[in-house]
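> Give me the fold of what follows.
(one chain, ligands or ions: 2)
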Amino acid sequence: MAVYTDINEIELAAYLENYDIGTLLSFKGIAEGVENSNFLLRTTAGTFILTLYEKRVDRNDLPFFINLMQHLAANGIECPQPVVQKNGAAIGELAGRPSAIVTFLEGMWLRKPAAEHCYALGVAMAQMHVAGQSFAMQRENSLTMKDWRPLWEKCMADADAVEAGLRVQTEADLAYLEKNWPSDLPRGVIHADMFPDNVFFIGQNLSGIIDFYFACTDMLAYDLAICLNAWCFERDFSYNLTKGTALLRGYNSVRPLEPAEQQALPVLCHGSAMRFMLTRLYDWINTPADSFVTKKDPMEYLRRMRFHREVRSASEYGQ
Ligand SMILES: Nc1ncnc2c1ncn2[C@@H]1O[C@H](COP(=O)(O)OP(=O)(O)OP(=O)(O)O)[C@@H](O)[C@H]1O
Ligand SMILES: N[C@@H](CCO)C(=O)O
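Ligands and ions are numbered 1, 2, ... in the order given. Have a look, this model is predicted:
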């Protein structure tokens with residue numbers, strides 16, 4: 001579960017006095033998620049999410065995330081809105097951690113998204129990219145191609161114990177990606193972690209996007225590549241062309257991909273699979289066995305990399 005920092009009702013009630021959102025009725029830790037501690041709060045004014053930012057979030061990045069959510073919400077994107085304190089600040093401190101309260105989004109994430117959900121996702125992602133073009137702040141992606149090798153070097157000694165042959169294979173993939181990574185594609189704000197658990201639906205309708213804590217300035221098509229990986233593979237690691245086609249059709253209906261972006265899709269998909277394989281591998285090796293956090297399997301992304309390695313054109317993704 002993702003409640004790394006515990007809080008009690010006395011400190012929480014005192015903290016809420018900084019806000020204009022009534023008094024505390026109840027709160028409980030949210031088990032889902034792996035990055036931060038999240039609590040569901042009910043107050044006399046409504047339902048909210050309280051987040052305590054944990055180790056992987058740099059305090060200096062919080063204004064980017066908070067302002068981004070405010071900017072996107074003001075531009076018609078359904079996402080949590082930071083609640084501002086009486087003194088005007090959206091970032092506070094609770095239990096020794098930086099903290100924020102955001103509005104609660106209705107809906108639920110889909111364990112088994114279908115092609116129509118992928119279409120809706122493509123539309124929403126393109127709308128987010130368009131809305132992000134007028135966002136003034138920048139944040140470098142701290143998990144992009146140049147960051148993969150240093151991360152790999154922290155894992156490689158243990159890699160073959162996780163999966164035989166992983167070391168040789170990852171070296172070859174990294175060398176390929178370093179040589180072929182694009183640099184001149186359209187850039188802007190990307191979500192960078194738009195997995196199914198960060199996208200809520202009510203029935204068939206996409207009701208909102210959460211968890212902007214990896215958002216950064218990078219190639220827009222890379223965000224799409226992350227989604228093709230996270231939404232369009234089946235449990236047996238086969239690529240679902242119907243879902244991929246729907247996702248790309250939804251995206252293109254709002255922001256048509258440029259020819260250079262289309263051409264780069266295979267390497268972007270390959271790289272995004274590497275990014276998630278590596279962060280998962282690092283956690284796999286470094287998370288203590290008695291931790292409450294459910295570790296995510298790095299090999300799911302190794303299997304995807306094997307697929308991407310063989311792809312020769314974007315049409316194989318449904319473009
Ligand atoms: N604004 C919101 N409205 C409703 N539920 C939310 C909201 N924010 C977070 N949640 C709930 O909290 C859970 C964890 O949130 P979130 O994904 O932001 O955590 P995280 O630790 O950053 O996770 P991740 O592993 O995806 O990076 C979500 O799955 C959802 O159930
Ligand atoms: N979405 C990430 C975890 C949170 O960053 C993964 O599935 O590896």
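> And for the closest residue to ligand 1 within the stretch 151-300 of the chain, the neighbour number?
Here the stretch 151-300 of the chain gets closest to ligand 1 at one residue, D211, 3.5 Å apart by C-beta to the nearest ligand atom. Where C-beta positions appear, they are placed from N, C-alpha and C, glycine not excepted. For D211, the neighbour count with other C-beta atoms under 10 Å is 22.
> Just give the nearest non-adjacent residue to it, would you?
Excluding its sequence neighbours, the residue lying closest to D211 (C-beta to C-beta, 6 or more residues apart in numbering) is N198, at 4.4 Å.
> my guess is T294 meets V34, correct?
Yes: with contact defined as C-beta atoms under 8 Å, T294 counts as touching V34 (7.4 Å).
> Of the two, give the one with the bigger neighbour count.
Using other C-beta under 10 Å, the more surrounded residue of T294 and V34 is V34, with 18 against 13.
> tell me the secondary structure for that one?
coil (DSSP: H, G, I helix; E, B strand; the rest coil).
> distance of it from ligand 1?
According to C-beta to the nearest ligand atom, to the nearest Å, V34 stands 4 Å off from ligand 1.
> show me the contacts for that residue.
For V34, the contact set (C-beta atoms under 8 Å, 6 or more residues apart in numbering) comprises 2, 283, 293-294, 296.
> Who's the closest spatial neighbour of P186, skipping the chain neighbours?
L220 (5.3 Å).
> Next: Y19.
Distance criterion C-beta to C-beta, 6+ apart; nearest residue to Y19, sequence neighbours excluded, is Q85 at 5.5 Å.
> Likewise for C155?
The nearest residue in space to C155 (C-beta to C-beta, 6+ apart) is L281, at 4.9 Å.
> Can you classify N229 as helix, strand or coil?
helix.
> Isn't it up against Y301?
Yes: counting by C-beta under 8 Å, a contact exists between N229 and Y301, whose distance comes to 7.3 Å.
> list residues touching both of the two?
273, 276.
> CA atoms of stretch 90-98 as CSV?
Extracted in CSV, the C-alpha atoms of stretch 90-98 (Å, rounded to 0.1, in the frame of the first residue of the first chain):
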residue,chain,number,x,y,z
ALA,A,90,-1.1,25.4,-2.4
ILE,A,91,1.8,23.5,-0.9
GLY,A,92,1.9,22.9,2.9
GLU,A,93,3.7,20.7,5.3
LEU,A,94,2.3,17.8,7.3
ALA,A,95,4.1,15.2,9.4
GLY,A,96,7.4,16.5,8.1
ARG,A,97,6.5,16.0,4.4
PRO,A,98,5.5,18.5,1.8
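> Is there proximity between that stretch and ligand 1?
No: Stretch 90-98 does not reach ligand 1 (C-beta under 6 Å from any ligand atom); its nearest approach is 12.9 Å.
> contacting residues around the residue in the stretch 101-250 of the chain that ligand 2 sits nearest to?
Taking C-beta to the nearest ligand atom, ligand 2 has its nearest neighbour within the stretch 101-250 of the chain at F195, 4.3 Å off. F195 is in contact with 226, 230-231, counting by C-beta under 8 Å, 6+ apart.
> Please consider this matter closed, and thank you.
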